[in-house]
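Q: coords please:
(2 chains)
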Amino acid sequence: MLGFGLAKGLKYTLKNLTKEKPTYDYPNKPIPLPDRFRGIQKFYPEKCIVCNQCANICPTDCIQLTGKKHPDPTKKGKVIDTYDINFEICILCDLCTEVCPTEAIVMTNNFELAEYSRDELFKNLEWLDENDENVRKVNKA
Amino acid sequence: MLRTEEMLLNVGPQHPSTHGVFRLILKIDGETIKEAKPVIGYLHRGTEKLAEDLQYTQIIPYTDRMDYVSAMTNNYVICHAVETMMGIEVPERAEFLRVMAMELGRVSSHLLWWGTFVLDLGATSPLLYAFREREMILNLLNELSGARLTFNYMRVGGVKWDAPEGWVDKVREFIPHMREQIKGYHDLVTGNEIFLNRVKGIGKYTKEDALNYSLSGPNLRCTGVKWDLRKNEPYSIYDRFNFDVPVREEGDVLSRYHVRFAEIEEALKILEQCVEQFPEEGPILAKVPKIIKAPKGEAFVRIESPRGEIGCYIASDGKKEPYRLKFRRPSFYNLQILPKLLEGESISNLIAILGAVDIILGEVDG
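A: As a prediction, the model looks like this:
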């Protein structure tokens, strides 16, 4: 019968009218995200041993780092000097945190990266160090 | 005197119904399409060429970006290819997690297809209902992998993360909810007379056409060919599950619609069995060397993605990067039949026919 299918559809619409809203009130309230969510990295300069593994595994080559000699001459190894991530090309794939042996670089739940100029998307060591909100609790499986 | 004249019409590349950047050059006579010429490549990123300079682990995030609607199957195909070359046995728990993630991806992919397809035909609200359930799946996958679309979840030899606490129970609760919603979708759209008039009997092709154009997935099964790699060439642990391969005989747009809906239900069946048989504990990653080097030689594997057969060919010369990598991307092959389908059709049917092919431009352009 013509119109029966339409009426059935309308019934479904009416049934859903009184249901709870499934949308988020996003900019006004933060979006609930799971702990594993991959957002902008947090960097701990004191933990870094300058092993370069993160820069090597990065699929888009967005990490650049340099190290310097340990200031304490009795200790061996290097300490981090500069550490930059280019968020123009970073795809937040999580491979850098996966290979880091000391968990010096970890993911956070922050994902808002909009800036007015491209230059501002280059984040340096200080910025990444200060990005310490919502840091991921568990970093390795 | 009344006369008609042939006209060139550009559809796209920025047309909302093409779901990406896809251009169609139409030669039309009045409302009838005389010739259709697809122009692709606007989203070409050269994944295959880039992969030649990347280690196998680094290629996985790139595959997320090909078929971004069901990235889990893409993750799987590259890992499966490398595992086949290296002869790695994947732990059982990892296989279960992979299958669950892939089947959830299949449901979400078909939901997105349903919503946008009906939206193209002029019904706005089904999209919102489809996205409501899709959001639940994306949240589940987000909890599992840490991302909503570009999962980067699978690794050569297993998966990155184990299931978080209570995740399997959430999947268990989701299955009956989804079944209930599918009934609602059928009420909302499938019986609608306007919808049926727009999709019944158009965009028809035969079994021979489908095979000659090497179509796969629902585009092939809608013509009566019962070919699903999960059944015909079982990979992973699909041989353990009991499910049907939905087939329709008509070969028109409506039959593709029904096949995809039936596939959602079959995916839910597989998910249900996965949840039941999910091993209590066990490793999620096989013992693999830190730097993965596929042995010298070549391998081709293929699996069933929501859009069809996705294949991965690797030629390796024993280094940590592949010598050559090639993906058989189902959307690209399925799109080939479009000029034939559009010839002689009316412009008003164009969107329905294009929508039913279900292309993802990230995959078409590679």
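Q: give me the number of residues near A:Ile91?
A: 19 (other CB atoms under 10 Å in any protein chain shown). Every residue, glycine included, has its C-beta placed from N, CA and C.
Q: where is the longest helix in chain B?
A: Identified as the longest helix of chain B according to DSSP state H is helix B:92-120.
Q: which other helices and strands does the following helix or strand past it contact?
A: The first helix or strand that comes after helix B:92-120 along the chain, using DSSP states H and E, is helix B:125-145. In terms of contacts (3 or more CB pairs under 8 Å, 6 or more residues apart in numbering or on different chains; DSSP states H and E), helix B:125-145 is packed against helix B:92-120, helix B:167-185.
Q: and chain A, which residues reach chain B?
A: A:2-6, A:8-9, A:11-13, A:15-16, A:22, A:33-38, A:57-59, A:91-95, A:98, A:107, A:141 (CB under 8 Å from any CB of the partner chain).
Q: just those residues: which are in helices?
A: A:4-6, A:8-9, A:11-13, A:15-16, A:57, A:95, A:98.
Q: ok, these vs chain B, which is closest?
A: Of all those, chain B sits closest to A:Gly5, with 3.5 Å by CB to the nearest CB.
Q: check contacts around the nearest residue to the closest one once chain neighbours are set aside.
A: Distances taken as CB to CB, 6 or more residues apart in numbering or on different chains put B:Gly191 closest to A:Gly5, at 3.5 Å, once the chain neighbours are dropped. By CB atoms under 8 Å, 6 or more residues apart in numbering or on different chains, the contact set of B:Gly191 is A:Phe4, A:Gly5, A:Lys8, A:Gly9.
Q: now swap in B:Glu272 and tell me
A: With CB under 8 Å, 6+ apart, B:Glu272 has these contacts: B:Arg172, B:Ile175.
Q: how near is it to A:Gln53?
A: 41 Å (CB to CB, to the nearest Å).
Q: check B:Glu309 too.
A: 36 Å.
Q: so which of those two has more stuff around it?
A: Using other CB under 10 Å, the more surrounded residue of B:Glu309 and A:Gln53 is B:Glu309, with 23 against 17.
Q: burial measure for A:Ser117, as a count.
A: 6.
Q: from A:Glu88, how far out is it?
A: According to CB to CB, A:Ser117 and A:Glu88 sit 11 Å apart.
Q: just the helices in the stretch 251-366 of chain B please.
A: Here the stretch 251-366 of chain B has its helices, by DSSP state H, counting those that start in this stretch, at B:253-277, B:330-335, B:338-342, B:347-357, B:361-365.
Q: now the ones you listed in JSON lines, with mean pLDDT?
A: Formatted as JSON lines, the helices of the stretch 251-366 of chain B follow (pLDDT from 0 to 100):
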{"stretch": "helix B:253-277", "mean pLDDT": "93"}
{"stretch": "helix B:330-335", "mean pLDDT": "91"}
{"stretch": "helix B:338-342", "mean pLDDT": "90"}
{"stretch": "helix B:347-357", "mean pLDDT": "89"}
{"stretch": "helix B:361-365", "mean pLDDT": "88"}
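Q: I'd like to know which of these is closest to B:Phe117.
A: helix B:347-357 (4.3 Å; CB to CB).
Q: name the helices or strands packed onto the closest one?
A: Using 3+ CB pairs under 8 Å, 6+ apart, helix B:347-357 is in contact with strand B:23-29, strand B:32-39, helix B:92-120, helix B:193-199, helix B:253-277, helix B:338-342.
Q: give me the contact list for it.
A: B:9, B:11, B:17-18, B:24, B:26, B:28, B:31-33, B:116-117, B:120-121, B:198-199, B:202-203, B:219, B:253, B:256-257, B:334-335, B:337-338, B:341-342, B:345.
Q: among the residues you listed, which ones are buried?
A: Buried residues within those, counting neighbours by 16 or more other CB atoms under 10 Å in any protein chain shown: B:11, B:17-18, B:24, B:26, B:28, B:33, B:116-117, B:120-121, B:198-199, B:202-203, B:219, B:253, B:256-257, B:334-335, B:337-338, B:341-342, B:345.
Q: how about B:Ala147: what's its closest non-neighbour residue?
A: A:Arg38 (5.6 Å).
Q: pLDDT at the one you found, what is it?
A: Per-residue confidence at A:Arg38 stands at 90 (pLDDT).
Q: show me what contacts it?
A: A:Leu92, A:Cys93, A:Asp94, A:Met107, B:Gly146, B:Ala147 are the contacts of A:Arg38 under CB under 8 Å, 6+ apart.
Q: may I ask which of these has the most neighbours?
A: B:Gly146 (26 neighbours).
Q: mind listing what it touches?
A: B:Gly146 neighbours (CB under 8 Å, 6+ apart): A:Pro34, A:Arg36, A:Phe37, A:Arg38, A:Asp94, A:Met107, B:Trp161.
Q: apply 7 Å and report the result again.
A: A:Arg36, A:Phe37, A:Arg38, A:Asp94 (CB atoms under 7 Å, 6 or more residues apart in numbering or on different chains).
Q: okay, the residues you listed in a markdown table with distance to B:Arg155 next?
A: Below are the contacts of B:Gly146 laid out as a markdown table (distance: CB to CB, whole Å):
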| residue | distance to B:Arg155 |
| --- | --- |
| A:Arg36 | 15 |
| A:Phe37 | 19 |
| A:Arg38 | 15 |
| A:Asp94 | 11 |
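Q: for those, work out which two are farthest apart.
A: Counting by CB to CB, the most remote pair of the contacts of B:Gly146 is A:Phe37 and A:Asp94, 10.1 Å apart.
Q: re earlier: deepest of the helices and strands packed on helix B:125-145, which one?
A: helix B:92-120 (a mean of 24; mean count of other CB atoms under 10 Å in any protein chain shown).
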